[in-house]
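Novice: A predicted structure for the sequence below; I have some questions about it.
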Amino acid sequence: MSTSTRRDKSLSPSASILQKGNACLNCRRRKIRCDGKRPRCGPCISSDAFSDCEYADTGTTRTQALEAQIAVLQERISQLEQGDRSGTPTTLSSETYGDPLILSSPPSFTGAVPASSFLDAALDRFLLHCADIGFFLNISRFQDAASSAGPNRPSSALVSTVYLWGIHLDPDTAAAHESSFLTRAIESTAQGLTSNHPHAVLQCIQAAVLLANYFFRNKRILEGRYQATAAMSLVISSRLHMIRSSEAPTIDSVLGLPGELPDPVDSIEEGERINAFWTVLALNNSWTAAEGTPSHLSYSAPGGRIDLPWPMDMWEYAQRPFPAGFRTSRTVQNFLDNQPDNSKSVLALHAKASILLEQASRVTFKFRPGMGQQEASQFFASFNALEQVITRFLTELPTVQAFTTRTSPSNTLLITSLAHASMIRLHAPFLSRNPSSRGKVVASTRAIVQVLQAVKVDRLPIVDSVMGVRDLCQRVIFTLLPF
């Protein structure tokens, strides 16, 4: 094709640049060129991460409604971090997903209710893979409660999301029942905090985490963000980040204001709360970093400082509970200050890797060419300090072989990818100008590829829903690096 022919095509109406404001909401949010095609534009069709495509000129879209809800939740998190516990309590809205839902108790269910044998099979499928999709509760206790008919039976919100996942994991039954169970899960989670269930808050957090991972897995990114942000707001408002804090009790905790949870009945229940917080933090950090935006959680804000201990594997809470007077403080800040600790549980490694990726995004977000001397000095001080923490974490990370003896191949892939992606994200702005940065990006990219090959990702029944990390690595491999 001649140069003139290519030039003529580039100037054709179909290839012309859209007027400002006419791009779809996804492309505007991602700051990429949109071709304006409807019902779905070219970039949304070709993207692995976006299945929705909406335009602002069609009226208030579901995307805009979700973004408004997310903004409200993020504002509530900021208020809680600053010590303001007098605002509106956190709620999950079912109205975001369509027309307002009239809820009964339990929530309404469309279609015939499947037989108990079908639901039992769905529960078994869920339990087989629950560790890979953010289930932080004690599995044995959950199973016992699920088989009971008393007040300790899991809440409608949790049961509905568990069944949704169990059905989703079976392609033979998903088509017939998944849509109905998704509606039920959304409704019941939205109403979860209004129930009188003794564990309503913790189980609502668990339901929101499961729904977030479900939406992320199905490329419904904004709905996943909404549920993840709601879960983050709930753990902060419940003060899970202050479990076993060495900080003196505040007047809030003495008064037992709304959102406070009663004391745990034993070490296992305390462990569920600890693991709930770290699961939500890892989910929030991974997705905000994957989207290239800093987290709304500040580790140094008055109400956002994280003092609770690093998580343990669930069995450890029963066999090695914390001593009665055990207290901790500045858990994340100590980690980022490169202070050593002995917390090597799978969830602790997951949380730390997600913190490093989020912090890498936060640091690089502040970089801009032509910074003044003082600003540049502050930037590179933060850059070098974080690089040291990432390097140490990668050095101490178990090998793939050692990892797979402790957890699933999916978790092995996730944690290792998050850790190496943090180094990639930190050095990505300097690829074209710094050979050392380029070398570190190449090394971490190759490390991720080696993990993908080692765990045989194509054979995994579940790959964790945090596909933004995969997209980040693909961009580095195929766009930035001319292999």
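Specialist: Perfect, thanks for sending it.
Novice: OK, contacts around residue 419?
Specialist: 353, 356-357, 390, 393-394, 397 (Cβ atoms under 8 Å, 6 or more residues apart in numbering). Just so you know, the C-beta spots here come from the backbone N, C-alpha and C atoms, and that holds for glycine as well.
Novice: and if we set it to 6 Å?
Specialist: Contact analysis of residue 419 by Cβ atoms under 6 Å, 6 or more residues apart in numbering lists 353, 393-394, 397.
Novice: among the residues you listed, who's most crowded?
Specialist: residue 353 (27 neighbours; other Cβ atoms under 10 Å).
Novice: and it, what is it in contact with?
Specialist: 415, 418-419.
Novice: if we go to 7 Å?
Specialist: For residue 353, the contacting residues are 415, 418-419, 422, by Cβ atoms under 7 Å, 6 or more residues apart in numbering.
Novice: next: residue 351.
Specialist: 278, 281-282, 311.
Novice: that one and residue 357: what is the separation?
Specialist: Using Cβ to Cβ, to the nearest Å, one obtains 11 Å as the distance from residue 351 to residue 357.
Novice: got phi/psi on residue 245?
Specialist: Backbone torsions of residue 245, given as degrees, to the nearest 10, read phi -70, psi 140.
Novice: wouldn't it be in contact with residue 306 here?
Specialist: No. Applying Cβ atoms under 7 Å, one finds residue 245 not in contact with residue 306, separated by 9.2 Å.
Novice: neighbour count winner among these two?
Specialist: Set residue 245 next to residue 306 and count neighbours by other Cβ under 10 Å: residue 306 wins out with 27 against 21.
Novice: I'd say that one and residue 300 touch.
Specialist: No. With contact defined as Cβ under 7 Å, residue 306 does not count as touching residue 300 (9.9 Å).
Novice: what ranges does the stretch 301-450 of the chain have for its helices?
Specialist: Counting by DSSP state H, counting those that start in this stretch, the stretch 301-450 of the chain has helices at residues 314-319, 331-336, 346-365, 373-396, 400-404, 409-427, 435-455.
Novice: surely residue 54 is in a strand?
Specialist: No. Assessed with DSSP: H, G, I helix; E, B strand; the rest coil, residue 54 is coil; it does not lie in a strand.
Novice: okay, now it: neighbour count?
Specialist: 19.
Novice: one more: residue 194?
Specialist: By other Cβ under 10 Å, the residues close to residue 194 number 12.
Novice: for it, report the pLDDT, please.
Specialist: On the pLDDT scale, residue 194 is placed at 82.
Novice: for residue 157, see how far away it is.
Specialist: 10 Å.
Novice: just the C-alpha atoms of stretch 232-243, please, in CSV.
Specialist: Extracted in CSV, the C-alpha atoms of stretch 232-243 (Å, rounded to 0.1, in the frame of the first residue of the first chain):
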residue,chain,number,x,y,z
MET,A,232,-13.1,-1.5,52.5
SER,A,233,-15.5,1.0,54.0
LEU,A,234,-17.0,-1.7,56.2
VAL,A,235,-13.7,-3.0,57.6
ILE,A,236,-12.6,0.6,58.5
SER,A,237,-15.9,1.5,60.0
SER,A,238,-15.8,-1.7,62.1
ARG,A,239,-12.3,-0.7,63.2
LEU,A,240,-10.8,-4.1,62.2
HIS,A,241,-7.6,-2.3,61.5
MET,A,242,-7.2,-1.5,65.2
ILE,A,243,-7.5,-5.1,66.5
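Novice: in stretch 276-293, what's buried?
Specialist: Buried residues in stretch 276-293, defined by neighbour count with 16 or more other Cβ atoms under 10 Å: 276-291.
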